[in-house]
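# Let's see this in three dimensions:
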Amino acid sequence: MTPTVAYSNFKPIAFVAGILALFLCHTAWAQWSTEQTTEIIVTAGPGGNQDQTARMIQQLWQVRKIVSSPVVVVNKPGGGGGIAANYISQHAGDPHYMMMLAPTLMTSRISGVNKVDYTDYTPLAMLFTESIYVVVKADSPIKNGQDFIRKLRNAPDSLSIAVASAIGNHIHMGVALPMKAAGVDIKRMKVVAFKSSGQSITSLLGGHVDVAASTFGTLLPHVKAGTIRIIGVSAPQRMTGILADIPTWKEQGANAVFDSWRGVVGAKSITDEQKAYWEKAFAELSKVKEWKKDIERNFRSNNYLNSEDAGRYWKEQYRELKEALTELGLAKQDN
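This next block holds a predicted model:
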């Protein structure tokens with residue numbers, strides 16, 4: 001006799017709920033999390049603004065336990081960001097490599113310095129925006145931005161101007177565009193590129209160059225020490241606090257405004273789960289008290305954007321940078 005099976009106690013809802021629970025549990029187990037050392041690659045040398053930002057990210061991720069596995073900063077200066085970009089390209093598909101992104105990588109491509117494209121990487125986060133400052137030594141005969149403009153109008157190549165880390169990048173444009181607006185022949189300006197803003201300021205203090213342009217992070221200790229003098233800023237209006245007395249370029253006869261920015265990209269072809277992990281890590285970083293204080297101390301704007309929004313922002317930035325470099329005569333037509 002074939003045995004019969006009683007289904008009177010079978011509960012379809014409970015059965016489906018159990019299967020769903022197993023699926024969700026499996027999904028939780030499968031969620032990606034880093035267990036290896038992660039490298040934050042900096043396209044400039046130690047001591048500059050990019051390097052300082054990367055080390056702040058490293059420190060806060062570890063101290064706040066946002067990222068539990070080790071994080072290290074690796075400097076790969078040179079080639080307008082090309083050396084660092086080629087390095088991370090060698091690790092496609094590996095989520096343990098990310099690179100600081102600044103407009104330099106875009107301007108280097110547009111100007112033909114390298115063929116690296118920011119779209120070759122995975123957008124992770126937009127961190128902040130900031131202005132470009134032009135500085136001289138405290139004992140310089142150039143007392144203000146008007147002195148600077150007057151001298152360059154008469155002889156555009158009479159002053160050596162330090163930038164980091166490539167000719168035609170955002171630091172260069174932060175001084176070139178105001179000078180163009182003031183009537184200076186910017187193609188004749190004597191611009192010298194250094195591997196980091198730290199090196200360009202050291203060169204200024206050593207008397208090897210006359211003027212330097214930089215974002216504010218590198219300048220802060222020298223401003224406090226009184227060893228340098230800021231003569232102009234690319235911001236649309238004056239800053240506050242210790243910079244309240246610094247006139248904008250617009251106030252000094254150069255009708256130009258320019259903002260720089262900082263972001264992070266991951267290696268190409270990482271998975272959606274891996275991208276989501278790092279996106280969350282940067283979102284948490286943007287809310288950390290110490291991070292907010294550092295942004296405020298360096299006169300930056302905390303304009304955090306997630307991966308998707310950052311990608312859209314950078315696409316628009318590339319278009320605007322190409323227009324600006326074309327106007328400056330520095331763009332290659334095939335880029």
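# okay, CA-based contacts and neighbour counts for the rest of this
Will do.
# which one's the longest strand in the protein?
Ranked by residue count and defined by DSSP state E, the top strand of the chain is strand 122-131.
# Lowest-scoring secondary structure element of this protein by mean pLDDT?
Across the helices and strands of the chain, mean confidence by mean pLDDT, DSSP states H and E is lowest for helix 12-30: a mean of 44.
# Val74 and Ile83, how far apart?
12 Å (C-alpha to C-alpha, to the nearest Å).
# now do Ser131
26 Å.
# Show me which of these two is the more surrounded one.
Ser131 (23 against 19; other C-alpha atoms under 10 Å).
# what does the model give that one for pLDDT?
The model reports Ser131 with a pLDDT of 95.
# Please apply the same query to the one 4 residues further on.
Here, the pLDDT recorded for Val135 equals 98.
# which residues in the stretch 151-300 of the chain form helices?
With helices called from DSSP state H, counting those that start in this stretch, the stretch 151-300 of the chain shows them at 170-181, 197-205, 220-225, 272-285, 289-297.
# moving C-terminal of the last one, what's the next helix or strand?
Proceeding N to C from helix 289-297, the next assigned helix or strand is helix 307-327, under DSSP states H and E.
# could you check the angle strand 122-131 makes with that following helix?
Going by axes from the mean of the first three to the mean of the last three C-alpha atoms, to 10 degrees, helix 307-327 is angled at 60 degrees with respect to strand 122-131.
# quick one on the thing from earlier: can you name every helix or strand that the longest strand of the chain contacts?
strand 259-266, helix 272-285, helix 307-327 (3 or more C-alpha pairs under 8 Å, 6 or more residues apart in numbering; DSSP states H and E).
# Reformat those as CSV; add distance to Gly183.
What follows is these, written out as CSV (distance: least, C-alpha to C-alpha, whole Å):
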stretch, distance to Gly183
strand 259-266, 21
helix 272-285, 42
helix 307-327, 14
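# Quick one, which of the ones you listed gets closest to Gly168.
helix 307-327 (7.2 Å; C-alpha to C-alpha).
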